[in-house]
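> Structure, please.
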Amino acid sequence: MPAYSAVVFDMDGTILNTLEDLEISLNQALEAEGFPPRTLEEVRQTVGNGYRNLMRDSCPPGTSDEVVERVFAAFSAHYAVHYADHTAPYEGIPELLRELKAAGLKLAVVSNKGDREAGRLAELNFPGVFDAVIGQRDDVPRKPDPAMVAIVLREMGASAREAVYVGDSEVDIKTSGAAGLPLILVTWGYRSKAQLEDAGGRVFASTVGELETLLLG
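Here you go, the predicted structure:
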């Protein structure tokens with residue numbers, strides 16, 4: 001029998017490698033303001049807390065809120081068109097999701113990327129797999145607030161007692177704790193295992209096979 005009946009996945013760094021598209025759109029927006037570009041590794045370490053925070057962390061220190069908003073607007077316009085240019089599932093993830101679905105598990109995505117892009121990327125890369133998908137919306141607090149997790153659990157007809165959260169960052173550690181869900185952290189994403197351990201992570205999957213074992217028992 002599966003260890004859980006519902007799984008809530010983070011998107012960026014957990015099931016999809018979205019880093020290159022984020023870096024390209026971010027740097028296009030930064031360069032429009034004359035700011036220096038950010039490296040892929042810099043983006044890796046700052047992504048996860050929502051687009052506005054990514055912009056704020058990527059602009060030079062002391063940048064005004066007005067300019068940060070301009071960078072955010074330029075990024076959003078570019079990413080809305082180019083969000084899927086280089087983004088792809090991590091190896092083995094599509095097969096794992098299909099296996100979980102066949103085993104009767106309910107599956108959801110909760111992401112701090114924009115709601116439209118989250119929905120489109122889920123359907124593009126994993127058509128028909130997820131029972132609920134939510135990204136950042138103006139009317140719903142973003143992670144680590146548990147509000148988005150509560151929404152997808154309700155849409156799936158699942159309770160926190162039967163669900164598990166799968167993520168790759170310190171934001172996911174805080175989110176799962178706030179939502180009352182057990183947590184599995186993958187180590188192929190945007191944070192190292194050492195960073196995750198320092199942030200309080202305890203259960204890890206270093207391969208898709210390990211994740212499958214933890215989810216299906």
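
> Quick check: the residue nearest to E162 when sequence neighbours are not counted vs C59, distance?
Of all residues not flanking E162 in the chain, S5 sits nearest, at 4.4 Å (C-beta to C-beta, 6 or more residues apart in numbering). In short, each C-beta sits where N, CA and C put it, glycine included. Separation of S5 from C59 (C-beta to C-beta, to the nearest Å): 43 Å.

> which one of those two has more residues nearby?
Of the pair S5 and C59, C59 is the one with more neighbours under other C-beta atoms under 10 Å, namely 21 against 17.

> Show me the strands in this protein, by range?
Along the chain, the stretches classed as strands by DSSP state E are 6-9, 16-17, 88-89, 106-114, 132-136, 163-167, 183-186, 204-205.

> Return the most buried member of the ones you listed.
Sort the strands of the chain by mean neighbour count, taking mean count of other C-beta atoms under 10 Å, and strand 6-9 sits at the top with a mean of 27.

> For it, which outside residues touch it?
Contacts with strand 6-9, where a contact means C-beta atoms under 8 Å, 6 or more residues apart in numbering, come from 15, 100, 105-110, 149, 152-153, 156, 158, 162-167, 181, 215.

> Tell me how this protein divides into domains.
Following automatic domain parsing, the chain resolves into domains at 6-17+87-216, 19-82.

> how about these in CSV, adding mean pLDDT?
Below are the domains of the chain laid out as CSV (pLDDT from 0 to 100):
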stretch, mean pLDDT
domain 6-17+87-216, 97
domain 19-82, 96
